[in-house]
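**Q** Pasting a predicted model and its sequence here:
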Amino acid sequence: KMALFWLVVCAFFQVSSALNNGQGLTPPMGYSSWNDVGSAVTEEHIKSVAQTFVEKGFAAKGYVHINVDEGWLMGRNTTTNRIYEDFNNFPSGMKALGDLNSFSILLEFVRSLLPSCLSMKGRAVC
């Protein structure tokens, strides 16, 4: 009976350890283009969101992640197999959005492994 008692006590009071380095105090907080515009995302829209984060003080409060989801990817180069962006929606290219990092904004780009998302370009159904 005593062994069962200690087993139950240990189950409720598990020991854990963590580094006290200031990391992971909050979850990643920010914006996902998928929840807002689906795959109809544009360079202008992402820059506007980043600017709003900075101007309204959200970035200073930890809202620094901007997730650019479906819609930025146009396809793959048939020779190199490298992905390339949609220059109609992102005329400056995705690399130019890296300038937002100077505002402490962290850009994240999602690409789908599903080829159907490329064929449904402009629709938020993939």
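**A** Yep, that arrived.
**Q** Tally up the residues packed near residue 30, please.
**A** Residues within reach of residue 30, counting by other Cβ atoms under 10 Å, total 20. The C-beta positions use only the backbone N, C-alpha and C, and glycine is treated the same way.
**Q** Please identify the helix or strand for residue 70.
**A** Residue 70 is part of no helix or strand when elements are defined by DSSP states H and E.
**Q** so it makes contact with residue 41?
**A** Yes - counting by Cβ atoms under 8 Å, residue 70 does reach residue 41; the two are 7.5 Å apart.
**Q** Of these two, which one has the most company?
**A** Neighbour count, other Cβ under 10 Å: between residue 70 and residue 41, residue 70 has more, with 25 against 22.
**Q** ok, and the closest non-adjacent residue to the more buried one?
**A** Leaving aside its chain neighbours, residue 70 sits nearest to residue 39 (4.0 Å; criterion: Cβ to Cβ, 6 or more residues apart in numbering).
**Q** since we're on the one you found, how many residues are nearby?
**A** Neighbourhood size, residue 39 [other Cβ under 10 Å]: 23.
**Q** In which helix or strand does residue 41 reside?
**A** For residue 41, there is no enclosing helix or strand under DSSP H and E.
**Q** can you pull the pLDDT of the residue nearest to residue 70?
**A** Note on residue 39: pLDDT of 83.
**Q** Tell me where the longest helix sits in this protein.
**A** helix 43-55 (DSSP state H).
**Q** What number of residues are in the vicinity of residue 109?
**A** 14.
**Q** same check, this time on residue 67
**A** 17.
**Q** Look up how far residue 25 lies from the closest residue to residue 76 other than its chain neighbours.
**A** In space, residue 76 comes closest to residue 83 once its chain neighbours are excluded; the distance is 5.5 Å by Cβ to Cβ, 6+ apart. Distance, residue 83 to residue 25, by Cβ to Cβ, to the nearest Å: 34 Å.
**Q** Tell me which of these two has more neighbours.
**A** Neighbours were counted for residue 83 and for residue 25 using other Cβ under 10 Å; residue 83 has more, 14 against 7.
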